[in-house]
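In: Structure for the following, please:
(one chain, ligands or ions: 1)
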Amino acid sequence: MTDDSPIRVETHGRVGLITLHRPQQLNALNDALMDELGAALLAFDADPGIGAIVITGSDKAFAAGADIEAMADWTFMDVTQDNFITRNWETIRAVRKPVIAAVAGYAMGGGCELALACDIVVAAESARFALPEIKLAMLPGAGGTQRLPRAIGKAKAMDMCLSARMLDAQEADRYGLVSRVVPDAELLERSLALAAQIASFSLPALAAIKESVNRAWESPLTEGILFERRALYGRFASSDAHEGMHAFLDKRRPDFQHR
Ligand code: CAA
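Out: Model prediction:
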């Protein structure tokens, strides 16, 4: 990572923090940014000292979408041969640890889709969410047409995708697009505190819960319930689960080894 890198990476105890940093382009998501974001996510995922990850942007923009300047002259062959979207946008799906999006300002197009791909979205009061690709005669192609209806239902999702309607933080909260709304001045502090709380829990248990909740999006209820039950049975192979239950009975704090 160099000084002109499009992301900044820090650790705060057991929390990995990734800050998108292309201020002149409102954090527009070009290949270089997405490649570095993917590499940073995978590095945190592999680091046993990290229990949760926060992705944030600037006060003005979480991210204003895919980089329109980069895309404007691409051809069909360019995007298929280069595997646009699949190549680097899918990495976030491979991350097993909880990922929190801390969103202030614009989360537009791919920026909104990046937030939707995270596990928890903490929105500042200033956050604005939209899928305005229709204005470009484009399509929300980083999961927007699939994750948005699952998150907020078809009626609201169609409205946002077809009319480019922008939601403020309170609307996004009401519709279930975000998890919590906080004052702008507290966004990073509250997101890091939430991540630290999550990271204090047993890592394999967190990964099992994340996998199970994600399964709810992708399978019929009966299959999802079976998946959940197997995940629950798997907890009994975990020393942390025995430690957690015994600590409760002994009225002491658990000492998780993340195993
Ligand atoms: N790509 C490239 N550059 C972008 C950009 C984007 N997505 N969004 C903003 N920028 C650039 C602008 O071109 C401008 O650059 P210059 O200073 O060199 O002119 C700079 O960032 C600041 O932007 P604005 O002057 O437009 O700032 P504003 O405050 O007036 O407006 C905004 C902010 C409403 C977010 C506006 O910038 C905007 O509408 N941006 C485009 C949003 C968009 O259409 N996103 C969807 C992209 S397509 C996509 O994401 C496809 C997909 O699913 C993968």
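
In: For this protein, which residues are neighbours of the ligand?
Out: Residues of the chain lying close to the ligand by Cβ under 6 Å from any ligand atom are 25-26, 28, 64-69, 106, 108-110, 113, 132-133, 136, 138, 140-142, 144. C-beta here means a position set from N, CA and C on the backbone, and glycine is covered the same way.

In: Put the buried members of those into a ChimeraX selection.
Out: The ChimeraX selection below is limited to those of those classed as buried (16 or more other Cβ atoms under 10 Å):
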select :25,26,28,64,65,66,67,106,108,109,110,113,132,133,140,141,142,144
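
In: Among the residues of the chain next to the ligand, name the ones in strands.
Out: Y106, M108 (DSSP state E).

In: can you give me the helices for the stretch 1-150 of the chain?
Out: In the stretch 1-150 of the chain, the helices defined using DSSP state H, counting those that start in this stretch lie at 31-46, 68-71, 76-81, 86-89, 91-94, 110-117, 144-152.

In: do the same with the stretch 151-259 of the chain
Out: Going by DSSP H, counting those that start in this stretch, the stretch 151-259 of the chain shows helices at 154-163, 169-175, 187-199, 203-218, 221-235, 239-249.

In: Can you show me the CA trace of the shortest one as CSV?
Out: What follows is the C-alpha trace of helix 169-175 in CSV, where atoms were taken according to Å, rounded to 0.1, in the frame of the first residue of the first chain:
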residue,chain,number,x,y,z
ALA,A,169,-30.9,7.8,6.6
GLN,A,170,-34.2,7.7,8.4
GLU,A,171,-36.1,6.3,5.4
ALA,A,172,-33.3,3.7,4.9
ASP,A,173,-33.7,2.8,8.5
ARG,A,174,-37.5,2.5,8.3
TYR,A,175,-37.2,0.3,5.2
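
In: Please identify the buried residues of it?
Out: Across helix 169-175, burial judged by 16+ other Cβ under 10 Å covers A169, E171, A172, D173, Y175.

In: coming back round to it: what would the helices of the stretch 151-259 of the chain look like in CSV with distance to T91?
Out: Shown next, in CSV, are the helices of the stretch 151-259 of the chain (distance: least, Cβ to Cβ, whole Å):
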stretch, distance to T91
helix 154-163, 24
helix 169-175, 24
helix 187-199, 19
helix 203-218, 15
helix 221-235, 23
helix 239-249, 27
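
In: hmm, who's touching stretch 23-37?
Out: 1, 5-7, 18, 20-22, 55, 57-58, 60-70, 87-89, 91-92, 105-106, 110-111, 114 (Cβ atoms under 8 Å, 6 or more residues apart in numbering).

In: Would you write a ChimeraX line that selects the buried entries of those?
Out: Restricted to buried positions by 16+ other Cβ under 10 Å, the ChimeraX selection for the contacts of stretch 23-37 reads:
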select :6,7,18,20,22,55,57,58,61,62,63,64,65,66,67,88,89,91,92,105,106,110,111,114
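
In: Max pairwise distance over the buried residues of helix 169-175: which two?
Out: Largest separation among the buried residues of helix 169-175 by Cβ to Cβ: A169 and Y175, giving 11.0 Å.

In: ok, back up a step: could the helices of the stretch 151-259 of the chain go into CSV alongside mean pLDDT?
Out: Formatted as CSV, the helices of the stretch 151-259 of the chain follow (pLDDT from 0 to 100):
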stretch, mean pLDDT
helix 154-163, 98
helix 169-175, 98
helix 187-199, 98
helix 203-218, 96
helix 221-235, 97
helix 239-249, 98
